[in-house]
Each structure stands twice: as structure tokens, then as C-alpha cells.
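> for reference, the sequence and a predicted model appear below.
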Amino acid sequence: FSTLRIKICYLYVYLFLKENNTKGEIKVMKKLVYLDNNATTPCDPRVVEALVPYFYEKFGNAASRNHPAGWVAEEAVDYAREQIADLINVDPKEIIFTSGATESDNLALKGVYEMYKSKGNHIITVKTEHKAVLDTCQKLETQGAEITYLDVDGHGRLDLEKLEAAIKPSTILISVMWANNETGVIQDVKAIGDICAKHGILFMSDATQAVGKIPTFPKEMGIHLMAFSAHKMYGPKGVGALYVCRKNPRVKVTAQMDGGGHERGMRSGTLNVPGIVGFGKAAQLAKEEMASDAKRLSALRDKIESELGQMEEVYFNGYKESRMPHVTNLSFKHVEGEGLMMTFNQDMALSSGSACTSASLEPSYVLVALGLGDELAHSSLRFSLGRFTTDEDIDLAINWVRNGVNHMRNLSPIWEMYKEGIDLNSVQWSPH
């Protein structure tokens, strides 16, 4: 079935190119319209300017404390730690640097389980979490952890009553992401934090898609551990952080990397000074420009929904009352998402699923959890806008997607049957 799906996708793109290019050649890309900012963001030029000197002029090891080169590097790391802490309103000592949000998730989940398993082995999470959380939880199950994976409703939101009902005397941690990477849906983290406080349970949140885009203050929400990354907020790849609460309660995690006792003994390894400097600058810029970015991008996002929503059989996936300002997820019924992207992916970047699962032809597990059938899930596109997205980009994207959808539907016998009023659910399909 997966092989057939791939062949169909390539057939669609072949027919599209044949119709639009008489030479049968793919046109040279002039400018990539980039609408995949949930996968990664371009480094802000101001961030690049700040970090470059730490590759060659100020190249010292921040742990070398017996000469000026090390002192300069250490001072830069301390300043960046303050910038990041300022963004999320925490003590700089509560910021632990890692290689990215995936490592931060691993450190939080595995570190808490190993530290507190004498008190209990039960962890609660959600079926729509990022794979960095879900795969880590599955790994912990092989080590004796009991994991509860909660469902979400049709909008992608967690039922708080079901969350509280899942708590056991052995529950030591609840892990719920702040904002979903595929739909942009924001969970009620304050209410979840209140539940955790009521029962004396640690609360962890993967806030990778939220930090730098919306206000994210873990202490106010009752969050004890929070993972996030630089490259999702116009910083460099290869550097992230884990917020670990130091007071009320003082949270401890077992280190997952040994060899030097860096980062208060929680994460050993030579610090990525250029990356950390860039991370700090990105945090500073995010705090200064977050509100204006959100206002502008939400208007552009709404334009995508308004224009493409005028087409037949287009469905919005998520929760409009509580979502990220720069994300929308739409399904185009009777259209293969992968094939649709092939009609414009030389000129525009977006996603039919999260970047970490795009190698799979299985339908998005996040959309399936929302109750979408395989067909509608396969027909979805995620638009994630960013700081450098322009009005012209959006106009081009709307036009390319509209033309691609119409073209593929014109080639589709399924669409023809739908237009003729045939009830597709009543059709008896022959097996191949």
C-alpha cells in the first residue's frame, strides 16, 4: 500500500510538470517560500553576527578558568544564560544547556524517573506529544516505568478530568507539551500545573514550539521542568535548554551524561559557546519582538485559512480558541498531501507532518489522535509562518496550493465520483 501511494504521488507530479513545462524539466527555484518554521527557523542575521566571533576570536573553553580565553567564554555563557532566563522569567541558575530539545526531554524524563523511582514508577503523558517524549517514555517502559498515554478531544485538547482521574499513588511525573508541533494547539498548562500541585506531582512540559513565540513563564504555570531549543526561535541548531526548578520544590534529575560535572552536575560536556551566545541573542530578540511578530503572523495565517477555506472540502485541524499565532493545519479531502506538495515543493517548503516523522508514509499520529480518518490525515498540510515570512509569500502559497489541489482533483476519479454525488462510503472497493 505504501509503495502504491509513492507511485501515485510520482504520477501526479509527472503529469503536473508535463502540463506546466513542455521540456519536462523542473524549473529553477528563484526564491524558496519557506512556511515550515515549526521544523526549523532561519538564523536571524543579528544572531549570526553575535555568535560568529566565538568561533575564532573568542574561542576559549568556558570551563578553562585559569586564563583570559576561558574567562571570556565563561562570561559570554553566563550572559546568554541570563538572556534566556529573562525570556521565561526564571533564575539563570535554573537553565541547563543541552544539545537541543530532544536531549532536554530525555534528561527530564529519564532523569526524573531514575531520581524518584523509589517513590513511584508512574508517568502520565499524552498521545499527541512529540516523538522525543513518546519514544523516551517507551524506552522507560522497558526499564520498569508505567506510562499512561492520554487521549485528546477532536480539537487536540487534553480532558483535565481524565488527567486527574489517571493519577495514582505511584505517579511521579506528568508530561504535557505547551503547544503542539503539528496543529499549534496550546494546552491549558496553568490548569495542569494546578492539578500537579494539588497532588504533589512534578510537571514537565516540552515547550519547544512555544518559547520565543508566545509568553512562556513556567513558574507562573506550575511547571517544574521545561524543554526548549534555539533553532525553533531563530537561533542556531545544536543547542537547547532545560529549565529545572530550584525552589518550591527543588527538583533533582539524574545526569544522563557523565564526564566533568558541567551544568551543575546535570549535563557533562564542553559547552557549545558560539551556539549558546546565539541562543541568548535569539532569546533577547524574541522578548523584544514577540508581540509584533505574533500580531503580524496571525493575520497572515488567518488569510491562508480564509482564502483556502473557500475551496470545497477543506477542513481545519486544531482549536482556534487556543493555538499558536503562526500555525494552521488544513486537510484537502480527496487529495494526497505528499502528491500535492510535489506540485510546488521546488518553490515552497511546508509539511504534511512533523519533520521528525516525514520519512514515514503513515498518517500523522497527531491528526489520527484528533479523530481524523487516514484519508483526511493523509491530505493535510501544515503551514508554519515565521519572522521572515512576507505578504507576497502568503499570496504565492495560496495560489500554488489552490492550483495544486485543483489540478490533482481534476486527475482524481475519486473526486469525479464525489462531484457526481456518489456516496463514497457505500462503494465496495476491490482489493488489489
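Yes, it's here. Numbering: from 1, shown residues only.

> now do the contacts for residue 66.
Contacts for residue 66 (Cβ atoms under 8 Å, 6 or more residues apart in numbering) come out as none. Just so you know, the C-beta spots here come from the backbone N, C-alpha and C atoms, and that holds for glycine as well.

> got phi/psi on the residue nearest the centre of the chain?
Most central in the chain under Cα atoms, centre = their mean is residue 181, positioned 3.2 Å from the mean C-alpha point. Main-chain dihedrals, residue 181, degrees, to the nearest 10: phi -70, psi -20.

> distance-wise, check it relative to residue 303.
Applying Cβ to Cβ, to the nearest Å, the value for residue 181 to residue 303 is 22 Å.

> got it, and residue 296?
Distance from residue 296 to residue 303, counting by Cβ to Cβ: 11 Å.

> do the same with residue 147
With distances taken as Cβ to Cβ, residue 147 is found 41 Å from residue 303.

> the more surrounded of those two?
Taking other Cβ atoms under 10 Å, residue 147 and residue 303 do not tie; residue 147 has more neighbours (19 against 15).

> can you list the strands that the strand or helix carrying that one pairs with?
Using DSSP states H and E, residue 147 falls within strand 146-150. According to DSSP bridges, strand 146-150 has the following sheet partners: strand 122-126 (parallel).

> who's in contact with residue 402?
Residues in contact with residue 402 (Cβ under 8 Å, 6+ apart) are 307-308, 311.

> how about those residues in TSV, adding pLDDT?
Formatted as TSV, those follow (pLDDT from 0 to 100):
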residue	pLDDT
307	98
308	98
311	96
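
> which member of these is positioned nearest residue 321?
residue 308 (20.2 Å; Cβ to Cβ).

> how many residues are close by the closest one?
By other Cβ under 10 Å, the residues close to residue 308 number 20.

> quick one: it from residue 378, how far?
Per Cβ to Cβ, residue 308 is found 17 Å from residue 378.

> quick revisit: ok, the residue nearest to the centre of the chain touching residue 130?
Yes - Residue 181 lies in contact with residue 130 (Cβ atoms under 8 Å); the separation is 5.8 Å.

> hang on, the earlier thing: so of the contacts of residue 402, which ones are in strands?
Under the assignment DSSP state E, the contacts of residue 402 contribute nothing to strands.

> so residue 281, which state does it fall into?
Three-state assignment for residue 281 (DSSP: H, G, I helix; E, B strand; the rest coil): helix.

> isn't it right next to residue 83, touching?
Yes - the pair formed by residue 281 and residue 83 meets the contact definition of Cβ under 8 Å, at 7.1 Å.

> for the stretch 151-300 of the chain, give me the ranges with low pLDDT.
Across the stretch 151-300 of the chain, nothing is flagged by pLDDT under 70.

> ranges for the helices of it?
Ranges of helices in the stretch 151-300 of the chain, per DSSP state H, counting those that start in this stretch, are 160-165, 189-199, 218-221, 273-308.

> what's around residue 82, how many residues?
16.

> now the one 3 residues further on
Residue neighbour count, defined by other Cβ under 10 Å, stands at 19 for residue 85.

> for the one 5 residues further on, same thing?
Residue 90: 20 surrounding residues under other Cβ under 10 Å.

> quick check, pLDDT for it.
We have a pLDDT of 98 for residue 90.

> ok, residue 16 next?
Note for residue 16: predicted pLDDT of 56.

> with residue 423 instead?
In this model, residue 423 is scored at 74, pLDDT.

> over to residue 413?
On pLDDT, residue 413 comes in at 82.

> same check, this time on residue 431
For residue 431, the pLDDT comes out at 61.

> one more: residue 427?
67.

> in contact with residue 97, which residues?
Residues in contact with residue 97 (Cβ under 8 Å, 6+ apart) are 77, 81, 239-241, 263, 267, 271-272, 276, 279.

> same thing with residue 167?
Here residue 167 is in contact with 124, 174, 195, 199, 201 (Cβ under 8 Å, 6+ apart).

> distance of it from residue 233?
For residue 167, the distance to residue 233 - Cβ to Cβ - is 33 Å.

> please state the offset of stretch 318-325 from the chain centre?
Counting by Cα atoms, centre = their mean, to the nearest Å, stretch 318-325 is centred 14 Å from the centre of its parent chain.

> using PDB, write down the CA coordinates of it.
Provided in PDB are the C-alpha atoms of stretch 318-325 (Å, rounded to 0.1, in the frame of the first residue of the first chain):
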ATOM      1  CA  GLY A 318      -7.000  22.000  15.700                       C
ATOM      2  CA  TYR A 319      -8.500  24.500  18.100                       C
ATOM      3  CA  LYS A 320      -8.900  28.100  17.000                       C
ATOM      4  CA  GLU A 321      -9.600  29.400  20.500                       C
ATOM      5  CA  SER A 322      -6.200  28.400  21.900                       C
ATOM      6  CA  ARG A 323      -3.400  28.000  19.400                       C
ATOM      7  CA  MET A 324      -0.100  29.400  18.300                       C
ATOM      8  CA  PRO A 325      -0.300  32.600  16.200                       C
END
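
> tell me who's in contact with residue 367.
With Cβ under 8 Å, 6+ apart, residue 367 has these contacts: 182-183, 317, 329, 331, 376-377, 380.

> returning to what we had before: which one (most neighbours) among the contacts of residue 97?
residue 279 leads those on contacts (other Cβ under 10 Å) with 32 neighbours.

> A helix includes residue 401, no?
Yes - assignment of residue 401 by three-state DSSP places it within a helix.

> tell me, how many residues neighbour it?
27.
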